[in-house]
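**Q** dropping the sequence and predicted coords here.
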Amino acid sequence: MQAPVHVAISAIGGLVVWAVTKEPWSIPIALGSGVLVDIDYLVYNSNCPLKILHAWEWWLILNLIIALMGLPWWGLAAVVGYGLHITADQISHNRGHLWYFILFRIWLLPRRIRKS
């Protein structure tokens, strides 16, 4: 998915968190967590299966940490931005239901290496 779409989706998520929490800083935090995920595209080529940041596991861990911290507004904004990014990629890239789990991609890695 293109960066402008991630920016728009993350901004909308931030606006929703702002409406709920009354904290305007929710917008830049949601934008940051929703756009900076693509940093791993700078490290890996576009077909690399190990894009570390593009994974539901991180979203689940982030949710757990934020819940243990008492659901601070900034944590909610980060969870929303990151979750919207992964959701948008999952829908737009159509790579299958499990592709955005790191463990699944690691499980597939030996099979990909044998094919090349």
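**A** Alright, I've got the coordinates.
**Q** which other helices and strands contact the longest helix along the chain?
**A** The longest helix of the chain (DSSP state H) is helix 73-93. Judged by 3 or more C-beta pairs under 8 Å, 6 or more residues apart in numbering; DSSP states H and E, the packing partners of helix 73-93 are helix 3-21, helix 26-35, helix 56-68. Bear in mind the C-beta positions are built from the backbone N, C-alpha and C, glycine included.
**Q** of all those, which one is nearest residue 78?
**A** Smallest distance to residue 78 across those (C-beta to C-beta): 4.3 Å, for helix 26-35.
**Q** helices and strands around the closest one, which ones?
**A** Here helix 26-35 touches helix 3-21, helix 73-93, going by 3+ C-beta pairs under 8 Å, 6+ apart.
**Q** quick one on the thing from earlier: deepest of the helices and strands packed on helix 73-93, which one?
**A** Comparing these by mean neighbour count (mean count of other C-beta atoms under 10 Å), helix 26-35 ranks first with a mean of 22.
**Q** quick one, that one and helix 3-21 angle?
**A** 140 degrees (axes from the mean of the first three to the mean of the last three C-alpha atoms, to 10 degrees).
**Q** got the angle for helix 26-35 vs helix 56-68?
**A** In terms of direction (the same axes, to 10 degrees), helix 26-35 departs from helix 56-68 by 150 degrees.
**Q** helix 26-35: what's the following helix or strand?
**A** The helix or strand immediately downstream of helix 26-35 is helix 40-43, counting by DSSP states H and E.
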